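K.L.:
what follows is a predicted protein model with its sequence.
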2 protein chains.
Amino acid sequence: MGRTSDARQKILGAARSLIEGRGYTALGVAEICKAAGVPKGSFYYFFESKEALALTVVDEHWAAQQRDWAGVLGGDAEPLQRLRRLFEETEAGQRAVQQGCGTVSGCLFGNLTLELSNQTEAVRGRLQEIFDAQVDMVEAVITEARERGDVTVTDTREAAQAVVAQLEGQVMFAKLYNNTRRLSPLWDNCRALLGAPRDVR
Amino acid sequence: MGRTSDARQKILGAARSLIEGRGYTALGVAEICKAAGVPKGSFYYFFESKEALALTVVDEHWAAQQRDWAGVLGGDAEPLQRLRRLFEETEAGQRAVQQGCGTVSGCLFGNLTLELSNQTEAVRGRLQEIFDAQVDMVEAVITEARERGDVTVTDTREAAQAVVAQLEGQVMFAKLYNNTRRLSPLWDNCRALLGAPRDVR
């Protein structure tokens, strides 16, 4: 039992880093198993298909990220300070990956959105759910900030979508220029998008 | 002469639509030639490698888009009206593709950035140049608007980067949700990012 679940985790870990490095489409099951150091037979014991594996990689990544986001966005601090921390943690996370492997990896969900969304409907549906959940989480904080009079924005849904879009766009450029400093203006951009005064820290 | 340049254009057209549909990595030269209806030998007559082909696809797409952007952003209208027209034309362009083929194709440069930037340095370098040029064009208009007192933003470079990042992020979501209405808030988002009053049309 211990050993089989090891093999599953090894496959997932190898798939995750291969997808981050080279994308999903060009990846073969044999290559994943080789990188994971498990026999090819094990793959189909754990996963029905390469698509099923991709969905599991996405789900596991989101489970971890959702915990992080909930911790940051659900704290006791003032709402805008929590949003600010989300961007600071995002920048710190991308910096840590860059220091570890030399390149900014970007956002797994954004990468897969642009690579895959017109190819596999199952992955597209899952990514839609994840981005909807991200927008929900950000919108909840904006609504709190609005009730306190900290922001002037009227359509909180549209504002949350703009904040998440800004995040994805800037993470894309951090990846392209391999430069996490691209993420430093995120807080100022967010404040502008929400109509929050400059003196809110 | 006419016939050989036909073959080159056929290869470029087929590559462009295959890259838009399925990305670059999984694509083979044989498949491109089959879709283009040209013998495989012709490919290497025109292109040294698949990477050289990708660079040409990127260059041709940028040449056309740069003309469009220059036309819109360089006109006689007030600077913010020109920026607004850029977003309206982007939305109209994505809508036209969706009506033609059923799906929003997104931005070729954004797609390739997230698929490829950590794989081929040549493509990464080209994409960096293109996004730098886009930011230059947007920054020139923001600078004009600032000189007229239409916007309050102080760092015009950072503002232009935020506007292009917002555009890329929202285009990503238009693709993911196959919904061009995701692009409608672009003008309001841009106005907020630039600190332009709501009554600027």
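P.N.:
Noted; the coordinates are in hand.
K.L.:
may I have the phi/psi pair for the most centrally placed residue in chain A?
P.N.:
Among the residues of chain A, A:C107 comes closest to the average C-alpha position under Cα atoms, centre = their mean, at 4.7 Å. Note on A:C107: its backbone torsions stand at phi -100, psi 120 [degrees, to the nearest 10].
K.L.:
tell me if the longest helix belonging to chain A is near chain B.
P.N.:
Using DSSP state H to define each element, chain A has its longest helix at helix A:121-147. Yes. Using Cβ under 8 Å from any Cβ of the partner chain, helix A:121-147 reaches chain B at A:124, A:127-128, A:131. Just so you know, the C-beta spots here come from the backbone N, C-alpha and C atoms, and that holds for glycine as well.
K.L.:
same question for stretch A:20-28.
P.N.:
Yes. Applying Cβ under 8 Å from any Cβ, one finds stretch A:20-28 in contact with chain B at A:21-23, A:25-26.
K.L.:
who wins for most neighbours among these?
P.N.:
A:G23 (23 neighbours; other Cβ atoms under 10 Å in any protein chain shown).
K.L.:
reformat the residues of stretch A:20-28 next to chain B into a markdown table and put secondary structure next to each item.
P.N.:
Listed next are the residues of stretch A:20-28 next to chain B as a markdown table, based on DSSP: H, G, I helix; E, B strand; the rest coil:
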| residue | secondary structure |
| --- | --- |
| A:G21 | helix |
| A:R22 | helix |
| A:G23 | coil |
| A:T25 | coil |
| A:A26 | coil |
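K.L.:
tell me the two of the residues you listed that are most distant?
P.N.:
Across these, the longest distance by Cβ to Cβ is 13.0 Å; it joins A:G21 and A:T25.
K.L.:
touching, A:V123 and A:L112? I think so.
P.N.:
Yes. In this structure, A:V123 is within contact of A:L112 by Cβ atoms under 8 Å, at 6.3 Å.
K.L.:
which residues touch stretch A:169-182?
P.N.:
Applying Cβ atoms under 8 Å, 6 or more residues apart in numbering or on different chains, the contact partners of stretch A:169-182 are A:90-91, A:94-95, A:98, A:103-107, A:110, A:183, A:185-186, A:189, B:110, B:113-114, B:117-118, B:124, B:127-128, B:131, B:161-162, B:164-170, B:172.
K.L.:
what about stretch A:83-99, near chain B?
P.N.:
No. Counting by Cβ under 8 Å from any Cβ, chain B is not contacted by stretch A:83-99; separation bottoms out at 10.9 Å.
K.L.:
do the same with stretch A:46-60
P.N.:
No. Stretch A:46-60 stays clear of chain B (Cβ under 8 Å from any Cβ), getting no nearer than 11.8 Å.
K.L.:
contacting residues for A:A54?
P.N.:
A:A54 makes contact with A:15, A:19, A:24, A:112, A:116, A:120, A:123, according to Cβ under 8 Å, 6+ apart.
K.L.:
how many residues are close by the second one?
P.N.:
Just to be clear, that refers to A:I19. A:I19 has 22 neighbours, counted by other Cβ under 10 Å.
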